[in-house]
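>>> Below: sequence and its predicted model.
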Amino acid sequence: MMGSSRDIAIGPVAVVSLLLGTLLQSEIDHTTHKHEYQRLAFTATFFAGITQFVLGFFRLGFLIDFLSHASIVGFMAGAAITISLQQLKSLLGINVFTKKTDIVSVMKSVWTNVNHGWNWETILIGFTFLIFLLLAKYIGKKSKKLFWIPAIAPLISVIVSTSCVYITHAERRGVKIVGSFEKGINPPSLHEIHFTGSYMMKGLRIGVVAGMIALTEAVAIGRTFAAMKDYHLDGNREMVALGTMNVVGSMTSCFVATGSFSRSAVNYMAGCNTAVSNIVMSCVVLLTLEVITPLFKYTPNAILASIIISAVVGLFDYEAMILIWRIDKFDFVACMGAFFGVVFASVEIGLLIAVAISFAKIIFQVTRPRTVVLGRIPRTTVYRNIEQYPEATKISGIMIARVDSAIYFSNSNYIRERILRLLSEEEDRIKEDNQARIRFLIVELSPVTDIDTSGIHALEDLCKSLQKRDIQGKWC
């Protein structure tokens, strides 16, 4: 109700949930230290909410834009690999598994257990249903009329696998199951949150990462549906609302929640027009917690791993990577930096690399703006970049250059030197072709939105250099 989106559906999201679980597992093993694992989860959720609230309250939402599309594509692909690797423990029935998330450590842990740590019945269950789930997703993509098949495939997998384990008592032969857990609403957890000590710092670090990713996804989803329905979305209000929700959630035994694209799409298709749909959804979840939870006792962990792997496969968007490579090589570097950072180091390192490369790109573009030579398009009065339009012709005795950026102290010297270098290259070409020398240099400054004193001095120096060459400069 605090946000401005009418369509966004709030709840646990696969990417954020799995990312949070991976980060928590790297700190505490949930099987041997269940209570401390839960406390760290609540602490991370609390700080995720604080991060989101602060960004919205101080109107710092623009910071999210530093996570470029290319960085997010690489980050998500790396997260998909990392999350899938973490599921090998449940998929193969391994008891002793590494807490690290990098691919080298995980694969080393997997292969050291190959002789005595793998459980063939667990592997059979896991891979059988993984193939089934991937096949269901493939069928759903091939035929839009069969969209319901991938939607119900996870539920069918859980029901069938749970029934098989219950009938055969496979848990007695080493197949790990979910086991019993309490039904009903979770108790208050304010006293469980770490406000001091080393776990507080770990919760802060995990919470900031999870909160930023959750925020990015929620705002992107909100903007998508706001554009479809033609209304304004206040990003800062959304951040405050999400932050408040997660802070309160951390005090009621909840973990990080955010906007879900699939649930939001269902709301949209069902004709929901207000946030009241979230209240209805909450009532259904409450009914499930009170009635259905005991039925999941014999659900094998392998089927949950299969569902998770099939869900994150779609995060590896290789087509988007190919498109990024074709459009912008620097963006591709950011994409690959985030990808390899997540896969070979950690989620935090990958995110840091993505932001660092994005900052480097911004600094590079500001300090090295595009400065080009223009030519006239045949049979028109339009002038364009001769590198982009090879058919454009130059005018004898005149060179036309264009600066495609504001001129500041950080790029003024580069622009002056770049124009003089283009002029020298053009003069050398003219001498080789025995053409008339350049007498006029026209610099188009229409794309220049601002100029400071350093820029003015740079243009004055350019004029002096032109005078020494007996070339008349014109600015337009």
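Perfect, I can see it now.

>>> so what secondary structure elements neighbour the helix or strand where Leu352 lies?
Take DSSP states H and E as the rule and Leu352 turns out to sit in helix 347-367. On a contact count with 3 or more Cβ pairs under 8 Å, 6 or more residues apart in numbering; DSSP states H and E, helix 347-367 meets helix 14-25, helix 69-86, helix 198-229, helix 329-344. C-beta: built from backbone N, CA, C; applies to glycine.

>>> between the second one and helix 347-367, how big is the angle?
Which is helix 69-86. Per axes from the mean of the first three to the mean of the last three Cα atoms, to 10 degrees, the angle that helix 69-86 makes with helix 347-367 is 170 degrees.

>>> now swap in the first one and tell me
Computed with the same axes, to 10 degrees, the direction of helix 14-25 lies at 120 degrees from that of helix 347-367.

>>> and helix 14-25, what other elements does it pack with?
Packing partners of helix 14-25 (3+ Cβ pairs under 8 Å, 6+ apart): helix 34-57, helix 69-86, helix 198-229, helix 301-312, helix 347-367.

>>> If we use 10 Å, what do you get?
helix 34-57, helix 69-86, helix 198-229, strand 258-260, helix 301-312, helix 347-367 (3 or more Cβ pairs under 10 Å, 6 or more residues apart in numbering; DSSP states H and E).

>>> coming back round to it: restrict the following helix or strand past the helix holding Leu352 to CA atoms and write it as PDB.
Of the helices and strands lying after helix 347-367 in sequence (DSSP H and E), the nearest is strand 371-376. Extracted C-alpha coordinates of strand 371-376, given in PDB (Å, rounded to 0.1, in the frame of the first residue of the first chain):
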ATOM      1  CA  THR A 371      34.900  13.300 -31.900                       C
ATOM      2  CA  VAL A 372      34.300  12.500 -35.600                       C
ATOM      3  CA  VAL A 373      34.700  13.900 -39.100                       C
ATOM      4  CA  LEU A 374      31.500  14.600 -41.000                       C
ATOM      5  CA  GLY A 375      30.700  14.300 -44.700                       C
ATOM      6  CA  ARG A 376      27.700  15.200 -46.800                       C
END
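
>>> On the C-terminal side of strand 371-376, identify the next helix or strand.
By DSSP H and E, the next helix or strand past strand 371-376 is strand 383-385.

>>> Check the offset of that next one from the chain's centre.
Put simply, strand 383-385 sits 36 Å off its chain's centre (Cα atoms, centre = their mean, to the nearest Å).

>>> Number of residues surrounding Gly117?
By other Cβ atoms under 10 Å, the residues close to Gly117 number 17.

>>> Distance of Ala338 relative to Gln38?
30 Å (Cβ to Cβ, to the nearest Å).

>>> Compare those two and say which is more crowded by neighbours.
The residue with more neighbours, out of Ala338 and Gln38, is Ala338; 32 against 18, by other Cβ under 10 Å.

>>> doesn't Gly350 make contact with that one?
Yes. Counting by Cβ atoms under 10 Å, Ala338 does reach Gly350; the two are 5.0 Å apart.

>>> looking at the helices and strands packed on helix 14-25, which is closest to Leu323?
When those are compared by Cβ to Cβ, helix 69-86 sits nearest Leu323, at 9.2 Å.

>>> Need the helices and strands packed on helix 14-25 in a markdown table (columns: distance to Gly11 and mean pLDDT).
Putting the helices and strands packed on helix 14-25 into a markdown table (distance: least, Cβ to Cβ, whole Å; pLDDT from 0 to 100) gives the following:
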| stretch | distance to Gly11 | mean pLDDT |
| --- | --- | --- |
| helix 34-57 | 14 | 93 |
| helix 69-86 | 19 | 84 |
| helix 198-229 | 11 | 83 |
| strand 258-260 | 5 | 81 |
| helix 301-312 | 15 | 88 |
| helix 347-367 | 22 | 83 |
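
>>> Now distance to Pro390 too, for those, in a markdown table please.
As requested, those are exported to a markdown table (distance: least, Cβ to Cβ, whole Å):
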| stretch | distance to Pro390 |
| --- | --- |
| helix 34-57 | 47 |
| helix 69-86 | 28 |
| helix 198-229 | 37 |
| strand 258-260 | 47 |
| helix 301-312 | 45 |
| helix 347-367 | 25 |
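
>>> Would you mind finding the most buried of the ones you listed?
Mean neighbour counts were compared across those using mean count of other Cβ atoms under 10 Å; the top stretch is strand 258-260, at a mean of 26.

>>> Can you tell me which helices and strands it packs against?
Counting contacts by 3+ Cβ pairs under 10 Å, 6+ apart, strand 258-260 packs against strand 9-11, helix 14-25, helix 198-229, helix 235-250.

>>> Need these in TSV (columns: distance to Arg418).
Below are the helices and strands packed on strand 258-260 laid out as TSV (distance: least, Cβ to Cβ, whole Å):
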stretch	distance to Arg418
strand 9-11	50
helix 14-25	43
helix 198-229	36
helix 235-250	37
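
>>> quick one: which of those is nearest Ala275?
Among the helices and strands packed on strand 258-260, strand 9-11 comes nearest to Ala275, with 8.6 Å by Cβ to Cβ.

>>> So Leu441: helix, strand or coil?
strand (DSSP: H, G, I helix; E, B strand; the rest coil).

>>> Report the separation between it and Ala392.
For Leu441 relative to Ala392 (Cβ to Cβ), the value is 17 Å.

>>> what's the answer for Arg326, then?
Relative to Ala392, and taking Cβ to Cβ, Arg326 is found at 24 Å.

>>> got it, and Val240?
51 Å.

>>> Same question for Thr274.
55 Å.

>>> neighbour-wise, which of those two wins?
Neighbours were counted for Thr274 and for Ala392 using other Cβ under 10 Å; Ala392 has more, 19 against 11.

>>> What is the burial count for the nearest residue to the more buried one once chain neighbours are set aside?
Distance criterion Cβ to Cβ, 6 or more residues apart in numbering; nearest residue to Ala392, sequence neighbours excluded, is Gly375 at 3.1 Å. Neighbour count of Gly375, defined by other Cβ under 10 Å: 21.

>>> and what of Arg59?
Residues near Arg59, counting by other Cβ under 10 Å: 11.

>>> Just the pLDDT at the residue nearest to it when sequence neighbours are not counted, thanks.
Leaving aside its chain neighbours, Arg59 sits nearest to Asn236 (5.1 Å; criterion: Cβ to Cβ, 6+ apart). Note on Asn236: pLDDT of 83.

>>> Surely Asn236 and Gly56 touch.
Yes. Using Cβ under 10 Å, Asn236 is in contact with Gly56, at 4.6 Å.

>>> what sits in contact with each of the two?
Val219 (Cβ atoms under 10 Å, 6 or more residues apart in numbering).

>>> what's stretch 124-131 in contact with?
In contact with stretch 124-131 (Cβ under 10 Å, 6+ apart) are residues 87-88, 90-93, 119, 153-154, 156-158, 160-161, 164-165, 170, 175, 300-310, 313.
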